[in-house]
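Chemist: what's the 3D shape of this:
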Amino acid sequence: LEALRSGPSERFGFTGNAESLLGGCLMDQGRLAEAGPLLRHGYEESAAILGADDANTRAILLRLVRWLERSGDPRAATTLLDSALARAEARSDDVWTLELVREATAWPGLPSEWLATLEVPARAAHARRQGKSRSYESLALLMVRLGRPAEAAALMAAAPEGGSAFVFVAKGIVADAVGDRVAAQAWLERAEAHLNRFPVERRQPIAQYHAELRQRLGD
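Modeler: Modelled structure (predicted):
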């Protein structure tokens, strides 16, 4: 990181990415005070050099949002998410819209009244992506957060078959939300078997949803 900081001025966002990655590692260790400046500056630099809609900047943004939520600043987190959602809607970027919804619904510190504002853009993106697996799961998890498990279950019943850890965990959370703990446990077992085969999928927000499902089932 120090080598990047002292290198050529035309850094192509490498420093911001490195700062964000280090900040994310510190955050995962619970060292929130140390992580904050790195995550903030990493996002500012990446957005300035690469642009707010660059794929790397988006990943860096999500780390910063997680830090803000974990640091007890949900207003700042939702402000960043609102800006990103507005840009996604303006570009009709349904994949990014649904990714933002998945991210937002993963974190318990974001207020439910704000989560309710995600329903309109999430449904619009879902309508344009009918037949795409993660569209159903993203909207279903939002319905669980909003206290509407029956709607979540209906979405999952209509969803196409999917074979990712996210799909299995989402189905488990929805099953538990409607009181079917046997099915929820079965989906958890499938998710964990998949994660053992493909550990690269142990990333956020999948890891957060996975931890939630385990907690719901008392594991």
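
Chemist: for Val167, what are its contacts?
Modeler: By Cβ atoms under 8 Å, 6 or more residues apart in numbering, Val167 lies in contact with 133-134, 137, 159. C-betas here are computed from N, CA, C, even on glycine.

Chemist: swap the cut-off to 10 Å and go again
Modeler: Counting by Cβ atoms under 10 Å, 6 or more residues apart in numbering, Val167 touches 133-134, 136-137, 156, 159-161, 187, 190-191, 194.

Chemist: Nearest to Ser46, out of these: which one, please.
Modeler: Arg134 (24.8 Å; Cβ to Cβ).

Chemist: what helices or strands is the strand or helix carrying that closest one leaning on?
Modeler: Using DSSP states H and E, Arg134 maps to helix 133-145. Under the contact criterion of 3 or more Cβ pairs under 10 Å, 6 or more residues apart in numbering; DSSP states H and E, helix 133-145 touches helix 94-106, helix 112-115, helix 119-128, helix 149-158, helix 165-177, helix 206-216.

Chemist: Go through these and pick out the most buried.
Modeler: Stretch with highest mean neighbour count among the helices and strands packed on helix 133-145: helix 165-177 (a mean of 25; mean count of other Cβ atoms under 10 Å).

Chemist: I'd like the average pLDDT over it.
Modeler: Mean pLDDT, helix 165-177: 95.

Chemist: ok, Ser138 touching Ala170?
Modeler: Yes - under the criterion of Cβ atoms under 10 Å, Ser138 makes contact with Ala170 at 8.1 Å.

Chemist: what do the two both touch?
Modeler: Common neighbours of Ser138 and Ala170 (Cβ under 10 Å, 6+ apart) are 102, 155.

Chemist: quick one: buried residues of whichever strand or helix holds His41?
Modeler: Element membership of His41, judged by DSSP H and E, is helix 32-50. Neighbour-count burial for helix 32-50 flags 35-36, 38-43, 45-47, 49-50 (criterion: 16 or more other Cβ atoms under 10 Å).

Chemist: And the helix or strand that that helix is followed by, what does it pack against?
Modeler: Per DSSP H and E, the first helix or strand lying C-terminal to helix 32-50 is helix 55-70. Here helix 55-70 touches helix 14-28, helix 32-50, helix 74-90, helix 94-106, going by 3+ Cβ pairs under 10 Å, 6+ apart.

Chemist: will you turn these into CSV that also has distance to Ala183 and mean pLDDT?
Modeler: Output for the helices and strands packed on helix 55-70, formatted as CSV (distance: least, Cβ to Cβ, whole Å; pLDDT from 0 to 100):
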stretch, distance to Ala183, mean pLDDT
helix 14-28, 31, 91
helix 32-50, 36, 94
helix 74-90, 31, 95
helix 94-106, 20, 94
